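Asker: Make a model of this:
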Amino acid sequence: MSLDSELQLIEEKTRGNVYSTDCPCRDLLDVVANKWSALAIGALADGPVRFGVLQRRLQGVSPKVLTATLRRLERFGLVNREVIPAVPLHVEYSLTDAGRSALGPVFALRDWAENNYAHARALADRHEDGPSEAAC
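Answerer: As a prediction, the model looks like this:
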């Protein structure tokens with residue numbers, strides 16, 4: 001039996017339940033639902049990207065946070081890290097098959113946020129003392 005067949009069989013037998021306290025699938029949900037993780041997954045949708053390019057795409061992320069985010073995504077099998085033997089050496093990040101399978105939900109959430117932020121911000125401002133943030 002091939003590795004893919006074994007993994008598929010395991011997947012069918014071990015579907016998680018995120019509402020269960022002890023289900024390890026909560027860890028994966030936590031990884032993907034993180035703001036910087038979701039943005040990094042989306043930014044990698046078009047193919048391999050170097051760290052600096054990725055950081056520029058994800059405006060506002062610090063190098064430390066981006067490094068931690070990419071390491072976590074790599075540890076959960078969502079991102080590949082490849083060292084390119086060039087002069088100078090550089091590293092490219094790309095989505096794995098599992099990472100690409102997260103694109104649909106990530107893009108759906110992104111689209112929802114982009115389409116509903118103004119309404120949500122207006123309601124939140126009613127409960128805060130400061131002015132609303134500028135539009136995107």
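
Asker: Strands of this protein, residue ranges please.
Answerer: 49-50, 79-84, 90-95 (DSSP state E).

Asker: Identify all contacting residues around the first one.
Answerer: Defining contact as CB atoms under 8 Å, 6 or more residues apart in numbering, one finds that strand 49-50 is touched by Ala43, Arg57, His90, Val91, Glu92, Tyr93, Ser94. Where C-beta positions appear, they are placed from N, C-alpha and C, glycine not excepted.

Asker: 7 Å instead?
Answerer: Applying CB atoms under 7 Å, 6 or more residues apart in numbering, the contact partners of strand 49-50 are Ala43, His90, Val91, Glu92, Tyr93.

Asker: same question, the second one
Answerer: Residues from elsewhere that reach strand 79-84, judged by CB under 7 Å, 6+ apart: 44, 70, 73-74, 89-96, 99.

Asker: Please put the alpha-carbon coordinates of it into CSV.
Answerer: Extracted in CSV, the C-alpha atoms of strand 79-84 (Å, rounded to 0.1, in the frame of the first residue of the first chain):
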residue,chain,number,x,y,z
VAL,A,79,4.5,25.1,4.0
ASN,A,80,7.8,23.9,2.4
ARG,A,81,11.0,25.7,3.1
GLU,A,82,13.7,25.2,0.4
VAL,A,83,17.2,26.5,0.5
ILE,A,84,18.3,27.5,-3.0
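
Asker: neighbours around the residue nearest to Phe76 when sequence neighbours are not counted, how many?
Answerer: The shortest distance from Phe76 to any non-neighbouring residue, by CB to CB, 6 or more residues apart in numbering, is to Val31 (5.1 Å). By other CB atoms under 10 Å, 18 other residues sit near Val31.
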